[in-house]
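Q: Next input, structure requested:
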Amino acid sequence: MDDDVRFVTANGLRFGYLESGTGPLVLLVHGFPDTAHSWDATRPGLAAAGFRAVAVFTRGYAPTDVPPTEAYDSDTLGRDLLALVDALGGTPAVIVGHAGRALHAPRAPRRVQPRAPTRARAGANDLAPALFAYPGPIALGSALRE
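A: From the prediction side, this is the model:
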């Protein structure tokens, strides 16, 4: 597993992220009060299944930039996710999030399609992430199932 933090600029901010594997992009989005490390136990499984698993530190969470204004509304957070997918060159892609973060993705009509939620294991916690395909459906197979 690669624990080196990488950086990309998206939606006007410099985002830190952790990456494992190659293949179609799976953008893993943490919620409050977690960090990208919430997905450390998930990334290797996705990478082994042939995916590029990218766990992003969302806006305001170090080492990602803190925005100059209080811009944490759903529209802005949704634009962050789509800009991250674009900046990472990852279409088709799947956005997976817990604690509500991936739920911001549908704020961009016709660009993100909801998929049926599944279960993923991240460390000792069982999470029920939300899945969204960008720009359309992509098969994840059993990569997100225990």
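Q: Quick check: which helices or strands does whichever strand in the chain runs longest pack against?
A: The residue-count maximum for a strand in the chain (DSSP state E) belongs to strand 13-20. Identification of packing neighbours for strand 13-20 by 3 or more CB pairs under 8 Å, 6 or more residues apart in numbering; DSSP states H and E yields strand 6-10, helix 43-48, strand 52-56, helix 74-87. Every C-beta, even on glycine, is put in place using the N, C-alpha and C of the backbone.
Q: tell me which residues in the last one are buried?
A: Judged by neighbour count using 16 or more other CB atoms under 10 Å, the buried positions of helix 74-87 are 76, 77, 78, 79, 80, 81, 82, 83, 84, 85, 86.
Q: Take those residues and lay them out in a markdown table including distance to residue 69.
A: Formatted as a markdown table, the buried residues of helix 74-87 follow (distance: CB to CB, whole Å):
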| residue | distance to residue 69 |
| --- | --- |
| 76 | 10 |
| 77 | 14 |
| 78 | 17 |
| 79 | 14 |
| 80 | 14 |
| 81 | 19 |
| 82 | 20 |
| 83 | 17 |
| 84 | 19 |
| 85 | 23 |
| 86 | 22 |
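Q: Identify, from those, the entry nearest to residue 67.
A: residue 76 (8.2 Å; CB to CB).
Q: OK, contacts around the closest one?
A: Applying CB atoms under 8 Å, 6 or more residues apart in numbering, we find residue 76 in contact with 11, 59.
Q: pLDDT at it, what is it?
A: At residue 76, the pLDDT value in this model is 83.
Q: re earlier: the helices and strands packed on strand 13-20: which one's closest to residue 31?
A: It is, among those and with distance given as CB to CB, helix 74-87, at 10.8 Å.
Q: and the angle from the closest one to strand 13-20?
A: Compare the direction of helix 74-87 with that of strand 13-20 by axes from the mean of the first three to the mean of the last three CA atoms, to 10 degrees and you get 60 degrees.
Q: Can you get me a residue count around the nearest residue to residue 5 once chain neighbours are set aside?
A: Counting by CB to CB, 6 or more residues apart in numbering, residue 5 lies nearest to residue 16, which is 4.8 Å off, once chain neighbours are set aside. For residue 16, the count of nearby residues is 19 (other CB atoms under 10 Å).
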